[in-house]
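S.K.: Predicted structure and sequence below. I'll ask about it afterward.
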Amino acid sequence: MTEILFIVAEDPEGGYVARSVGASICTEADDLAQLRDAVRDAVRCHFDEVDRPRVIRLHFVHDEVIAA
């Protein structure tokens, strides 16, 4: 695996949640800078160095509700 993808969404209680696609990794943080660090740390903990993806991609999802 050369790359891993995380889906990032705002947490209703504040902050952000990132969930990986294809691996059982989920992490959260109060702001985006902390989230980037948390995702890097989670990937380092989840994979051995030889199997670790070299690229971490964050895909931001933003839901917006509007009245009709």
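M.R.: The structure has been received and is ready for your questions.

S.K.: Grab the nearest non-local neighbour of the spatially most central residue of the chain.
M.R.: Nearest residue to the geometric centre of the chain (Cα atoms, centre = their mean): Ala18, 3.0 Å. Setting aside the residues directly before and after it, Ala18 is nearest to Phe6 in space (Cβ to Cβ, 6 or more residues apart in numbering), at 4.3 Å. Using the backbone N, CA and C atoms, a C-beta is placed for each residue, glycine as well.

S.K.: What is the burial count for that neighbour?
M.R.: 22 (other Cβ atoms under 10 Å).

S.K.: Show me the strands paired with the strand or helix carrying it, marking each as parallel or antiparallel.
M.R.: Using DSSP states H and E, Phe6 falls within strand 3-10. Its sheet considered, strand 3-10 pairs with strand 16-21 (antiparallel), strand 55-61 (parallel) by DSSP bridges.

S.K.: Let's have the ones you listed in CSV, adding mean pLDDT and distance to Leu32.
M.R.: Below are the strands paired with strand 3-10 laid out as CSV (pLDDT from 0 to 100; distance: least, Cβ to Cβ, whole Å):
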stretch, mean pLDDT, distance to Leu32
strand 16-21, 97, 7
strand 55-61, 97, 9
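
S.K.: Compare these and report which one is nearest to Val43.
M.R.: Closest approach to Val43 among the strands paired with strand 3-10 is made by strand 55-61 (5.9 Å; Cβ to Cβ).

S.K.: Compute the number of surrounding residues for the residue lying closest to Arg44 once chain neighbours are set aside.
M.R.: What sits nearest to Arg44 in space, not counting adjacent residues and going by Cβ to Cβ, 6+ apart, is Arg52, at 6.9 Å. If you count neighbours by other Cβ under 10 Å, Arg52 ends up with 14.
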